[in-house]
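Visitor: Sequence first, predicted coordinates after that:
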Amino acid sequence: NAGVTQTPKFQVLKTGQSMTLQCAQDMNHNSMYWYRQDPGMGLRLIYYSASEGTTDKGEVPNGYNVSRLNKREFSLRLESAAPSQTSVYFCASSEHPGRGVADTQYFGPGTRLTVL
Amino acid sequence: LAKTTQPISMDSYEGQEVNITCSHNNIATNDYITWYQQFPSQGPRFIIQGYKTKVTNEVASLFIPADRKSSTLSLPRVSLSDTAVYYCLVGGVAAGNKLTFGGGTRVLVKP
């Protein structure tokens, strides 16, 4: 099993450009998440999908959109990138929706995004 | 989610035991305590989870006193590869799916 995979690993954008970050998991998990991590900081939740067909905002959703394409895939889109969105983006998945901290989340390797 | 407080950083040497204490004074009755480990340039990885008393797995032990207002992650006989950031999270079903990561504790293991 590959676990959680993310593409691309690195990306440089100019202000105003758009892009989509892809995430896929092969663990048959119900819930998927997108986080961002700024240098020296903890992770902050952008959006999550408790189950296929549902998405909800997290702590920092502004400037982002998500799509739960199917049970395996959860994409994050930046419509008009801004320098403040320079960060490392992590996708995660977990088996049980609604379990919060009591559920184990499995993280991907991250996408390093720089917006100039 | 219960707020947590942990030391910003800790240094240790190979072969020593490392203990990281996390304070969570307003922990709720249904809250679990979970620790994640993050290596540079990688996503966090689940280490251990507990509700009360002591939990042990192949990687670490988690000690939780009776009042549950704090918890201690114990890493036995650390090696250089244990250098990482360790996050303490507290919460439960009532918090939904949301994990809140604080700044974590940066552990540096020296030779």
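Guide: Thanks, I have the structure now.

Visitor: Find the helix or strand that A:L113 is a member of.
Guide: In the assignment (DSSP states H and E), A:L113 maps to strand A:111-115.

Visitor: Direction included, what does that strand pair against?
Guide: Note on strand A:111-115: by DSSP bridges, its sheet partners are strand A:10-13 (parallel), strand A:87-94 (antiparallel).

Visitor: what sits up against the first one?
Guide: So the one you mean is strand A:10-13. A:19, A:21, A:78, A:81, A:111-116 (Cβ atoms under 8 Å, 6 or more residues apart in numbering or on different chains). (C-beta placed from N, C-alpha, C; glycine too.)

Visitor: Pick out the most distant pair among these.
Guide: Taking Cβ to Cβ, the two most distant members of those are A:L21 and A:L116; they sit 17.4 Å apart.

Visitor: more crowded one of those two?
Guide: Shown here are A:L21 and A:L116; by other Cβ atoms under 10 Å in any protein chain shown, A:L21 has more neighbours (23 against 10).

Visitor: Please list all residues in contact with that one.
Guide: Counting by Cβ under 8 Å, 6+ apart, A:L21 has contacts A:6-8, A:11, A:34, A:75-78, A:89, A:91, A:111, A:113.

Visitor: ranges for the helices of chain A?
Guide: For chain A, no helices are identified by DSSP state H.

Visitor: With mean pLDDT as extra columns, can I get the strands paired with strand A:111-115 in CSV?
Guide: Formatted as CSV, those follow (pLDDT from 0 to 100):
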stretch, mean pLDDT
strand A:10-13, 96
strand A:87-94, 95
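
Visitor: Comparing these, which comes out most buried?
Guide: For those, average neighbour numbers computed from mean count of other Cβ atoms under 10 Å in any protein chain shown are highest in strand A:87-94, which has a mean of 24.
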